[in-house]
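Engineer: just the structure for this:
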Amino acid sequence: MPTFEYLRLSLSVPTIGDLAREAQRNEPDATRREFLTEVFSSRHDFFYSGRLYTYVPFPESCQGPNIYAGFVGKPVEELVNAGPEELFALTKSKHYKASFLAIDVSPDQQVMTFEKRQDVGSSQRITAALLESHVARRKGFSWHTDVEYLSTEKDFWMAAKEYRGQITEISFEFYPPNGLKGFDKFKEFDRIAKQQANGQSSEYSIKNPDGAVAPEGGFVESAVEYASEGPGKITMKSGRKTLFSSRQARRTKDAHESLMPHQSEPTKILGLISYLFGKRDG
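Structural biologist: Modelled structure (predicted):
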């Protein structure tokens with residue numbers, strides 16, 4: 001059964017230069033929505049991990065309101081046997097491995113769902129490579145992009161309960177949270193911290209070398225809830241051992257094989273988009 005992972009795309013003004021010029025920085029000419037539309041409404045060839053990948057969008061008639069969808073994949077060569085006329089000689093066969101993806105580019109969303117496939121690769125890293133490639137090709141000043149998984153809060157609290165008395169560190173890393181509703185108090189606290197320090201991201205760590213870190217209280221609860229929506233990540237450690245990583249607690253949704261548009265059928269594409277952007281698991 002195909003499984004889809006959810007990611008949040010955070011776009012921010014690059015922090016290039018010194019603090020004195022921070023207040024004078026303007027956003028790029030293209031809005032975040034326009035930038036994402038540029039990326040996901042047209043074909044892109046790009047490299048990830050030394051391999052050529054291609055993103056191909058579906059026709060406009062197959063897209064949902066504010067949603068772009070397509071396939072991203074890579075070529076694969078395998079040795080196969082030819083037919084009896086060639087005495088079943090080994091020959092190279094070129095084909096593709098591809099994942100379905102869709103993104104809601106609405107200003108209050110900017111969330112992506114990506115089909116998880118080991119033979120295609122990491123959804124987070126592939127998406128980051130696609131965005132970085134577009135920024136490199138684009139003329140002029142552009143957005144800085146961060147891509148992070150949405151995660152499940154309950155997995156963090158289960159780990160916190162299981163490893164209580166062993167936890168030496170809990171760290172939170174946050175990116176600019178465009179498209180994320182709510183959390184106004186926490187977002188403002190983090191925004192000011194980044195602005196004053198000229199930071200692109202921020203990291204907060206709670207440490208106790210004796211394993212007595214207590215994952216509780218208002219700050220931890222707010223930070224876990226905030227990070228689980230995708231503008232950041234969480235790591236829990238005991239010494240050098242990682243006890244919990246939000247990247248391993250990804251929010252997912254399973255889709256029945258019958259929903260998959262393997263032949264790029266318009267009805268199935270629209271149906272799958274509607275299914276994936278309905279109520280999400282986790």
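Engineer: from here on, contacts and neighbour counts on C-alpha atoms
Structural biologist: Noted.
Engineer: quick one: secondary structure of the residue lying closest to Met236 once chain neighbours are set aside?
Structural biologist: Nearest non-adjacent residue to Met236, counting by C-alpha to C-alpha, 6 or more residues apart in numbering: Ile170, 4.5 Å away. Counting by DSSP: H, G, I helix; E, B strand; the rest coil, the backbone at Ile170 sits in strand.
Engineer: how far is stretch 210-218 from where the chain is centred?
Structural biologist: Stretch 210-218 sits 29 Å away from the centroid of its parent chain (C-alpha atoms, centre = their mean, to the nearest Å).
Engineer: rewinding a little: ok, the residue nearest to Met236 touching Pro209?
Structural biologist: No - using C-alpha atoms under 8 Å, Ile170 is not in contact with Pro209; the gap is 11.4 Å.
Engineer: between those two, which one's more packed in?
Structural biologist: Ile170 (24 against 12; other C-alpha atoms under 10 Å).
Engineer: tell me where the stretch 101-250 of the chain has helices.
Structural biologist: Applying DSSP state H, counting those that start in this stretch to the stretch 101-250 of the chain gives helices spanning 123-137, 153-162, 184-197, 218-228.
Engineer: just give the closest residue to Gly83, not the sequence neighbours.
Structural biologist: Ala89 (7.6 Å).
Engineer: so that neighbour touches Leu79, yeah?
Structural biologist: No - Ala89 lies out of contact with Leu79 (C-alpha under 8 Å); the separation is 9.7 Å.
Engineer: where does this structure have low pLDDT?
Structural biologist: 15-25, 177-185, 193-200, 279-282 (pLDDT under 70).
Engineer: how much space between the residue nearest to Met236 and Gly239?
Structural biologist: Distance check for Ile170 against Gly239: by C-alpha to C-alpha, to the nearest Å, it reads 11 Å.
Engineer: what of Asp29?
Structural biologist: Asp29 is 46 Å from Gly239, by C-alpha to C-alpha.
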